[in-house]
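# kindly return the folded structure for what I paste below:
(chains A and B)
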Amino acid sequence: GAVVSQHPSWVICKSGTSVKIECRSLDFQATTMFWYRQFPKQSLMLMATSNEGSKATYEQGVEKDKFLINHASLTLSTLTVTSAHPEDSSFYICSASEAGVGEQFFGPGTRLTVL
Amino acid sequence: DQQVKQNSPSLSVQEGRISILNCDYTNSMFDYFLWYKKYPAEGPTFLISISSIKDKNEDGRFTVFLNKSAKHLSLHIVPSQPGDSAVYFCAASGGGSRLTFGEGTQLTVNP
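Coordinates of the predicted model:
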């Protein structure tokens, strides 16, 4: 089956620093990648949708200058949390879908803790 | 505006019995519904889906029912096994790949 990986799986950083999270599709070409955020015991909230080679589309209320998304290749998308603050601490999950295939395949998630 | 709602945050059943997880939606444009299973600190894994042209889809122990008039879907797991203990999310999409998730229901299957 389709495999999506994320790196790192867990990161702790100081307030004010930037953190980059990678999302890779290992055995298929992901024309579209999605970034979600999940707070404890809450739903997965879509943050943004990115298509390879174009700018990401952000959901309402998500700061695009704070959450930088790059989808430069068909197998890699990155989410950079800039100037992270404790309220950015969350579980970030990416998913990827292949052109013509509607199903999204999810990565294992990245736990971000900002001190 | 929560367009997909799972009103039961938790459900506990005995091994071998049926588990029924419910999901309601408000957006009539949704035409494809999915159930995902999620363990702590892991990403969701796809379980089963149903198109709006159907009212039932079955895959082994898992059956999803869709009632379009009531904007309601349910996931039946029978017989339930301890390994089914996880958080179950329902999700919906309408005309594209964007998914809207419910809040999730923690299922605990007791041996």
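# interface residues of chain A facing chain B?
A:4, A:6, A:9, A:32, A:34, A:41-46, A:49, A:91, A:93, A:95, A:97, A:102-109, A:111 (Cβ under 8 Å from any Cβ of the partner chain). C-betas here are computed from N, CA, C, even on glycine.
# of these, grab the buried ones for PyMOL.
To isolate the buried members of the residues of chain A next to chain B in PyMOL, using 16 or more other Cβ atoms under 10 Å in any protein chain shown:
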select buried, chain A and resi 4+6+32+34+43+44+45+46+49+91+93+95+97+104+105+106+107+108+109
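# beta partners for the closest residue to chain B within chain A?
Nearest residue of chain A to chain B: residue A:106, at 3.6 Å (Cβ to the nearest Cβ). Using DSSP bridges, the bridge partners assigned to residue A:106 are residue A:95.
# surely it meets residue A:92?
No: taking contacts as Cβ atoms under 8 Å, residue A:106 lies outside contact range of residue A:92: 11.5 Å.
# quick check on whichever residue of chain B sits closest to chain A: phi, psi?
Per Cβ to the nearest Cβ, residue B:43 is where chain B lies closest to chain A, at 3.6 Å. Main-chain dihedrals, residue B:43, degrees, to the nearest 10: phi -80, psi 160.
# next, the distance between the ends of stretch B:18-33.
Stretch B:18-33 has an end-to-end distance of 21 Å (Cα to Cα, to the nearest Å).
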